[in-house]
Every structure is written in structure tokens, then in C-alpha cells.
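A.B. asks: I would like to see how this sequence folds:
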Amino acid sequence: MIRLRSLSTLTAVLLAAGSNLEAQTTAYVGGSVWDGTGASIIRNATMVVEDGRITAVSPSAEIPAGTEIVFLEGKVLIPGLINTHGHVSGRWAAEDVVDEQDRIRGDLELFAKYGVTTVNSLGDGLAVIEVRKSSSPLDPRARLLSAGAVIAGDTPEAARNQALANADAGVDWLKLRVDDNLGSSRKMPWDAVQAVMNIGNERGLRVATHLFYLEDAKRLIDMGTGMIAHSVRDTDVDQEFIDSLLESGICYVPTLTREVSTYIYGTRPGFFDDEFFTEYANEDEIERLSEPAYMERTLASASGAAYRVALVQAMENMVILQDAGAPVTFGTDAGPAGRFPGYFEHMELALMVGGGLTPTQALLAATSVAASCLGLDDIGTLEPG
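C.D. replies: Sure, this is the predicted structure:
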């Protein structure tokens, strides 16, 4: 006997395809499948998932007896979105959730409601690491990778000790910042940066780097960074940078919504009235951002105005690198105040397309390219295996 049910939202499909909650067989029938490989879309497809693994994707896939069927007529099934640069802290969980680790799980559930099924948290705490250690691919929430606390030591010894502490805690990445915040602060010294790179090499951990300036990006690639975690935003990338990025094979993460978040709340943004946003939005955060005094400060912010200009530069560099064949991938920096998890990932896709990428390029960046960036070979595409 075959059991039947309908499904009304694509987000639920994405989560179900990524992490079935029980050991069972489910067939997703009648929709179109964009599989994340770059191949043409499969119309009127049947995708069979057994015990959390895809076993068939085709218009003529055989459905085993006893299979639960989910009808998807008129819908398109894609791989879950992969955020290579987000932040998970528990900030966005429901108010009545008290336990710190449960609040972190609440953040991950929010990401999943928007079809974001993996988050690489580049700056978090020990509780996030513990949640990641206790998680399972079958959990009904986004998968989690963690970098621990951002390393900010201003001497080689301090930076080394912080990197060692993170490594000992069991992180997946190390994260540091080389940025002067538009000239308002001091960059991390290069000898301290090198100390972190050394620990990364010793422990087999890649180092993700927050940056702003082209010359810093070049030097960081030479030093062995494992990810350019933000756009180059001060000038056009040049051939030297393009060549070094291509040779290194590391991914470049534009995080366009990060720039948007610095100025968008100068007035009440239109997306506050978007039902796709309001269904899961944190009302307290909307209220905070809508306070007249806050909006006035944001509107008058010199840094917000500068980052608005930087967004244009970021988009231009994104297209230059994409056209050159560099691994431009998907990340949002969502999770801190004003950066709404889940919704900002969809905003990022829109900005990537608005900035000059094709929809296919943007979706590939958010699926198979992102999976490759994180070294994950079992997600990012809808293929048997």
C-alpha cells in the first residue's frame, strides 16, 4: 500500500529532502527538480528518499511498495541552501525557550523554515560547539558547523592561545578579522594572523578571514587562508588577485546582505510587510529597528553611508570573479542583530542576481558550490547516493 499526502510549502519539502525524521521511504512526485549540478531541470520528476538518502531522481523512477507520497505539482524542488558564513547564537529563538543550547537549536530551526539546511557559524560560543557535537543529520533543523569565538589576539602568543583553545574545543573552522572598520580601529597584526594560520595548519583546520581591502586579501591568500569570508570592497579586484584566488581554489563569499543591514533601517524597509518575512520574523527585533530614534541614527550614520557605497563595489567584484571562473559562493553574515536568519538568505540570492549573476549561478553558489567550499560531499545536490 502507498500512503498519500499533499505538501503546501516548498520550504517543508527542502527540509524533508535533507533530513527525514524517521527511517522511511518517501517519494516526491510531480514537481520539477533542479538538482544543483548545473544540469537541465527535470520536469514531472519523482524523487525517492529512503532512510534520509536519495535513491532515485527521474520522471520514471520506480516507487517501492509502502512508500509515502508527497505531491508537488506546480512546485520546484531544489537542494537545501547552504550558508557558508552565518552566525548562530540563540538570539532568534522563541522568548519562552530558556536553555542556551535549546535556543541555539531554535536558531537552526528558523534557518530551516526558510530552506537553509546548513549553516557555517563563523563566530560563536562553546554552547554552539556542543550543539554541533550532539546533532544528527536527521534533526529537524539546519545542520551546523562552528568556528568558535572570533580570534582577536593582538600578539602572536595571544592569537595562538585563542586558536588552540578553539581547536581543543572541537571547532570545524578558525575565524579571524583583518579589518580596521573603515579606519576606526586597528587591524589584527600580521604576526598574530600568521600564528593563527600556523595553528590551522597544525590542527588541520581552515581559517576563514573577515576583510575589506584588496591588498589584505592578497596577503591573506598568500598566507594560506581557507576562505575569503567577505567581499573586497575598497576597489576593483585585479588580475593578480584573480589568479591567486583561482590557484588557491578557496571560496569567495560576498555577504551582500551584511552591507544592506548597515543602512536599510534608516527608514522602515518594505520587507517588513512581506508575508514571507513576517510569518517567522522576531517581532521584538522589528519593533527595535522601527523605533524613530534608531532609524534617525541609522539614517545619519557615516559608516552606513560608506557601506552602501561598498555594496556597489562588492557586487562589481562578485561579477568580475564569477566571470573569471572563481568559486564565488553563498553566505550572508546573518544572525547578529538586524540580520534575520532565513529571510536574509533569500535576500542574498536576490542581491546576487540583481548584482549581475544569473539565477542559475546564484543557486549553484548556494548549493553545490557552497558544499564544495565547506568540504561536504554529501549535500548540495539532489542526486542518488
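A.B. asks: Q24 is in contact with E68, correct?
C.D. replies: Yes. At 6.4 Å, E68 counts as touching Q24 under the criterion of C-beta atoms under 8 Å. C-betas here are computed from N, CA, C, even on glycine.
A.B. asks: Please say which of these two ends up with more neighbours.
C.D. replies: Legend: neighbour count by other C-beta atoms under 10 Å for E68 and Q24, higher for E68 (17 against 14).
A.B. asks: ok, that one to V33 distance?
C.D. replies: From E68 across to V33, the span is 18 Å (C-beta to C-beta, to the nearest Å).
A.B. asks: do the same with D179
C.D. replies: Separation of D179 from V33 (C-beta to C-beta) stands at 41 Å.
A.B. asks: what's the answer for A305, then?
C.D. replies: The value you get for A305 to V33, if C-beta to C-beta is used, is 44 Å.
A.B. asks: of these two, who's got more company?
C.D. replies: Shown here are A305 and V33; by other C-beta under 10 Å, V33 has more neighbours (25 against 14).
A.B. asks: mind checking how far the more buried one is from Q101?
C.D. replies: Per C-beta to C-beta, V33 is found 35 Å from Q101.
A.B. asks: other SSEs contacting the longest helix along the chain?
C.D. replies: Criterion DSSP state H: the longest helix present in the chain is helix 302-323. Helix 302-323 sits against helix 239-248, helix 256-260, helix 343-354, with contacts defined as 3 or more C-beta pairs under 8 Å, 6 or more residues apart in numbering; DSSP states H and E.
A.B. asks: Tell me where the protein is predicted with low confidence.
C.D. replies: The model of the chain has pLDDT under 70 over residues 1-23.
A.B. asks: Give me the domain ranges for it.
C.D. replies: 3-77, 81-263+301-373 (automatic domain parsing).
A.B. asks: Return the distance of the first one from the chain's centre.
C.D. replies: Which is domain 3-77. 24 Å (C-alpha atoms, centre = their mean, to the nearest Å).
A.B. asks: Contact partners for K218?
C.D. replies: Contacts of K218 were listed using C-beta atoms under 8 Å, 6 or more residues apart in numbering, and they are E240, F241, S244.
A.B. asks: Dump the strand or helix carrying it to CSV, restricted to CA.
C.D. replies: If you go by DSSP states H and E, K218 is part of helix 214-223. Taking Å, rounded to 0.1, in the frame of the first residue of the first chain, the C-alpha atoms of helix 214-223 are listed here in CSV:
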residue,chain,number,x,y,z
LEU,A,214,42.2,44.2,-1.7
GLU,A,215,45.8,44.2,-0.6
ASP,A,216,44.9,42.5,2.7
ALA,A,217,43.0,39.8,0.7
LYS,A,218,46.1,39.2,-1.5
ARG,A,219,48.3,38.8,1.5
LEU,A,220,45.9,36.5,3.3
ILE,A,221,45.7,34.2,0.3
ASP,A,222,49.5,34.1,0.3
MET,A,223,49.4,33.2,4.0
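A.B. asks: moving C-terminal of it, what's the next helix or strand?
C.D. replies: strand 227-228.
A.B. asks: Grab the nearest non-local neighbour of the residue nearest the centre of the chain.
C.D. replies: Central residue of the chain (C-alpha atoms, centre = their mean): N83, 1.3 Å from the mean position. Distance criterion C-beta to C-beta, 6 or more residues apart in numbering; nearest residue to N83, sequence neighbours excluded, is V119 at 4.8 Å.
A.B. asks: The stretch 151-300 of the chain: helices as residue ranges?
C.D. replies: Assigned by DSSP state H, counting those that start in this stretch, the stretch 151-300 of the chain shows helices spanning 156-169, 190-203, 214-223, 239-248, 256-260, 275-278, 283-289, 292-300.
A.B. asks: centre of the chain versus the last one, how much separation?
C.D. replies: Using C-alpha atoms, centre = their mean, the mean C-alpha position of helix 292-300 is found 28 Å from that of the whole chain.
A.B. asks: Can you list the buried residues in that helix?
C.D. replies: By 16 or more other C-beta atoms under 10 Å, the buried positions in helix 292-300 come out as T298.
A.B. asks: Kindly report the same for the first one.
C.D. replies: Buried residues in helix 156-169, counted by 16+ other C-beta under 10 Å: P156, A159, R160, Q162, A163, N166, A167, A169.
A.B. asks: Looking at those residues, which is nearest S135?
C.D. replies: A169 (15.4 Å; C-beta to C-beta).
A.B. asks: give the contact list for the closest residue to the closest one other than its chain neighbours.
C.D. replies: Closest residue in space to A169, ignoring its immediate chain neighbours: I129 at 5.3 Å, by C-beta to C-beta, 6+ apart. By C-beta under 8 Å, 6+ apart, the contact set of I129 is S146, G148, A169, G170, V171.
A.B. asks: Kindly indicate the member of those residues with the most neighbours.
C.D. replies: Counting by other C-beta under 10 Å, top hit in the contacts of I129: S146 with 28 neighbours.
A.B. asks: That one contacts V119, doesn't it?
C.D. replies: No. Judged on C-beta under 8 Å, S146 makes no contact with V119 at a distance of 9.3 Å.
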